[in-house]
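Asker: Need a 3D model of the sequence below.
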Amino acid sequence: MNVLQAGLVGEHISRTRLPAALQIMCDLHGWELDFSLIDTAVTDEFDFDATLDAARLDGWTGMTVTHPWKTYAREFVGDQMNQEAAHLGACNTVRFPGGIKGFNTDYSGILSVFHAHAETQKPGRVLMMGAGGVAEAIGPALLQLGHKLSVYDLATDRAEALALKLGANCSVIAESDLETATKSANGLVNATVLGMVEYAGSAFQKAWLGPQDWVFDAVYTPPETQFLKDAKPQNIKCISGFELFCAMAIRSFEAYTGLSTNHAEILPLLAPLRPE
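Answerer: The predicted structure is shown next:
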C-alpha cells in the first residue's frame with residue numbers, strides 16, 4: 001500500500017481538519033496516511049529549514065506549511081516551485097520525493113473557490129486586510145480574476161512590498177483612508193489571523209459593512225468568524241474560509257500523491273469536517 005507521510009508546521013494548529021481531510025482522500029484512493037502536527041507556538045527554539053530537512057531525510061512525502069512559515073517555505077524551495085505558483089512569494093506545500101518541489105495550494109484553491117462564485121462576484125474593487133503569507137496567494141489570484149486590489153497591513157512596509165510585487169493594479173491604503181476604502185469596495189478580504197480562535201475579533205469595522213457585494217474570510221477555524229457574522233445581516237454574499245480549506249486540502253493531496261482526483265466526488269465527503 002502507498003503511504004502518504006507528511007506533517008503540518010505552524011502556530012496553534014491543534015484544531016486543524018487537514019489530517020482528517022487527507023485521511024478521507026487516502027481511504028478513497030487506497031493509501032495509508034501517517035500525519036504529524038508540528039505546533040511551533042509551543043516550541044521555544046524552532047529551526048524551519050532543519051525540520052524540513054530532517055523530514056526529507058527520514059523519507060517523508062512532504063510538509064504542509066501554515067502561519068507564520070509560508071514565506072520561509074518559499075525561501076526553502078527556492079526555484080523549485082511548480083510552474084503555476086512560481087510567481088508567488090509564499091509556499092504552503094513542500095513535496096520531497098524526486099527532488100524538493102514547492103506548491104501553493106492556497107492560490108489554486110482560491111481560484112477554484114472564486115470561480116465557483118463567479119456569477120455573483122464580478123471583477124471590481126477589492127480591499128484586502130493583511131499582506132503576509134496568505135495575502136501572497138490571495139492577491140495574485142484576485143488580480144488574475146480581474147479585480148483591482150487595495151491592501152492594508154499594520155506593517156506598512158510589508159503592504160508596500162506586496163503592492164510593488166503585484167504591480168499597477170494593486171495599491172496600498174493608509175489607515176486614515178480605511179473607512180472610505182472599505183465602504184467603496186465591491187469586495188472585502190480578510191487575509192489576517194483575526195477571527196481565528198486564538199485571535200478574536202475582525203479586521204473590518206462592523207459599522208463600515210453594508211455597501212459591499214461580497215466578503216471572503218481566509219480563516220476557516222471557526223468557519224463563522226466575527227467578520228462573517230457582522231456581514232451576513234447586511235445581505236452581503238459571504239464566502240467562508242472552509243470553502244478554501246476544502247479546495248486547498250484536495251490540491252494538497254494531489255500535490256503529495258501525483259494523483260488527479262474527482263473534486264465533485266470529494267467535496268461532499270469533506271463537508272462533515274466543517275467546524276461547529
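Asker: where do the helices sit along the stretch 51-200 of the chain?
Answerer: Using DSSP state H, counting those that start in this stretch, the helices of the stretch 51-200 of the chain run over 70-77, 105-116, 133-144, 156-166, 178-184.
Asker: most tightly surrounded among those helices?
Answerer: helix 133-144 (a mean of 24; mean count of other CB atoms under 10 Å). Every C-beta, even on glycine, is put in place using the N, C-alpha and C of the backbone.
Asker: and the angle from that helix to helix 105-116?
Answerer: 40 degrees (axes from the mean of the first three to the mean of the last three CA atoms, to 10 degrees).
Asker: what's next to helix 133-144, contact-wise?
Answerer: 67-71, 74, 87-90, 92, 104, 106-107, 110-111, 114, 126, 128, 131, 149, 151, 153, 162, 166-167, 169-170, 189, 191-192, 218 (CB atoms under 8 Å, 6 or more residues apart in numbering).
Asker: With stretch 62-74 instead?
Answerer: 6-11, 13, 16, 18, 40, 48-49, 51-52, 55, 81, 88-97, 102, 106, 132-134, 136-137, 193, 252, 255-256.
Asker: repeat that for 6 Å
Answerer: 6-11, 48, 52, 55, 89-96, 133, 252, 256 (CB atoms under 6 Å, 6 or more residues apart in numbering).
Asker: Select only the buried ones of these in PyMOL?
Answerer: To isolate the buried subset of the contacts of stretch 62-74 in PyMOL, counting by 16 or more other CB atoms under 10 Å, use the following:
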select buried, resi 6+7+8+9+10+11+48+52+55+89+90+91+92+93+94+95+96+133+252+256
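Asker: now, which of the contacts of stretch 62-74 lie within strands?
Answerer: 6, 7, 8, 9, 10, 93, 94, 95 (DSSP state E).
Asker: Flag the shaky bits of this structure, pLDDT-wise.
Answerer: 119-120, 276 (pLDDT under 70).
Asker: would you put the C-alpha positions of stretch 8-17 in PDB?
Answerer: Extracted in PDB, the C-alpha atoms of stretch 8-17 (Å, rounded to 0.1, in the frame of the first residue of the first chain):
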ATOM      1  CA  LEU A   8       1.800  20.400   9.200                       C
ATOM      2  CA  VAL A   9       4.100  23.100  10.500                       C
ATOM      3  CA  GLY A  10       2.500  26.200  12.000                       C
ATOM      4  CA  GLU A  11       1.300  28.000  15.100                       C
ATOM      5  CA  HIS A  12      -1.900  27.000  17.000                       C
ATOM      6  CA  ILE A  13      -2.700  24.100  14.700                       C
ATOM      7  CA  SER A  14      -4.300  21.700  17.100                       C
ATOM      8  CA  ARG A  15      -7.800  22.200  15.600                       C
ATOM      9  CA  THR A  16      -6.800  21.700  12.000                       C
ATOM     10  CA  ARG A  17      -9.000  19.500   9.900                       C
END
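Asker: chain center to it, what's the gap?
Answerer: 13 Å (CA atoms, centre = their mean, to the nearest Å).
Asker: Please, where are all the strands along the stretch 101-250 of the chain?
Answerer: 101-103, 125-129, 148-152, 170-172, 187-190, 214-217, 237-239 (DSSP state E, counting those that start in this stretch).
Asker: Switch these over to JSON lines; also include mean neighbour count and distance to residue 248.
Answerer: As requested, the strands of the stretch 101-250 of the chain are exported to JSON lines (neighbours: other CB atoms under 10 Å; distance: least, CB to CB, whole Å):
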{"stretch": "strand 101-103", "mean neighbour count": "23", "distance to residue 248": "10"}
{"stretch": "strand 125-129", "mean neighbour count": "24", "distance to residue 248": "18"}
{"stretch": "strand 148-152", "mean neighbour count": "22", "distance to residue 248": "21"}
{"stretch": "strand 170-172", "mean neighbour count": "18", "distance to residue 248": "23"}
{"stretch": "strand 187-190", "mean neighbour count": "26", "distance to residue 248": "16"}
{"stretch": "strand 214-217", "mean neighbour count": "26", "distance to residue 248": "14"}
{"stretch": "strand 237-239", "mean neighbour count": "19", "distance to residue 248": "14"}
